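after the sequence you'll find the predicted model.
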Amino acid sequence: MGDILIKVATLMGLTIIIGFFIALIIKLIVLIIHSSGNLAKYDRNYLKEIQRARNIKKMRIRRLYRDTANENEIIRSRYGSSYDEIFKLKKSKTK
């Protein structure tokens, strides 16, 4: 029974050591990739994409404002621009 516990403890220790060794290798690979000069290129592309997304958002807001302004002009031309004319229109519709 003692031999089995020693073998199990040895295998557990070996597994832990191998796990830490693999984690160290992965960490080194990440550090090597991070220290390379290619990240600046990716950062610039990322910033370009963010700027592009902001421009698209601004364009959508402008279009929404433009469409809203056009709708207001259509309403004014159809129903009049003063509140008296709108009130008269509503009053005449209710009769």
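Structure received. Residues are numbered from 1 along each chain as shown.

got a pLDDT number for residue 55?
Per-residue pLDDT puts residue 55 at 89.

list the residues that contact it.
By C-beta atoms under 8 Å, 6 or more residues apart in numbering, the contact list for residue 55 is empty. Glycine gets a C-beta too; all of them are placed from N, C-alpha and C.

check which helix or strand it maps to.
Secondary structure from DSSP states H and E places residue 55 in helix 38-79.

same question for residue 21.
Assessed by DSSP H and E, residue 21 sits inside helix 2-35.

now that helix: average pLDDT?
The average pLDDT within helix 2-35 is 92.

how's the protein carved up into domains?
Listed domain ranges for the chain are 1-36, 37-95 (source: automatic domain parsing).

now do the buried residues in stretch 50-57.
By 16 or more other C-beta atoms under 10 Å, stretch 50-57 has no buried positions at all.

could you export it as PDB, CA atoms only?
Below are the C-alpha coordinates for stretch 50-57, written out as PDB (Å, rounded to 0.1, in the frame of the first residue of the first chain):
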ATOM      1  CA  ILE A  50     -11.300  52.400 -34.500                       C
ATOM      2  CA  GLN A  51     -11.100  55.600 -36.500                       C
ATOM      3  CA  ARG A  52     -13.100  54.000 -39.300                       C
ATOM      4  CA  ALA A  53     -15.800  52.900 -36.900                       C
ATOM      5  CA  ARG A  54     -16.000  56.400 -35.400                       C
ATOM      6  CA  ASN A  55     -16.300  57.900 -38.900                       C
ATOM      7  CA  ILE A  56     -19.100  55.400 -39.700                       C
ATOM      8  CA  LYS A  57     -20.900  56.300 -36.500                       C
END
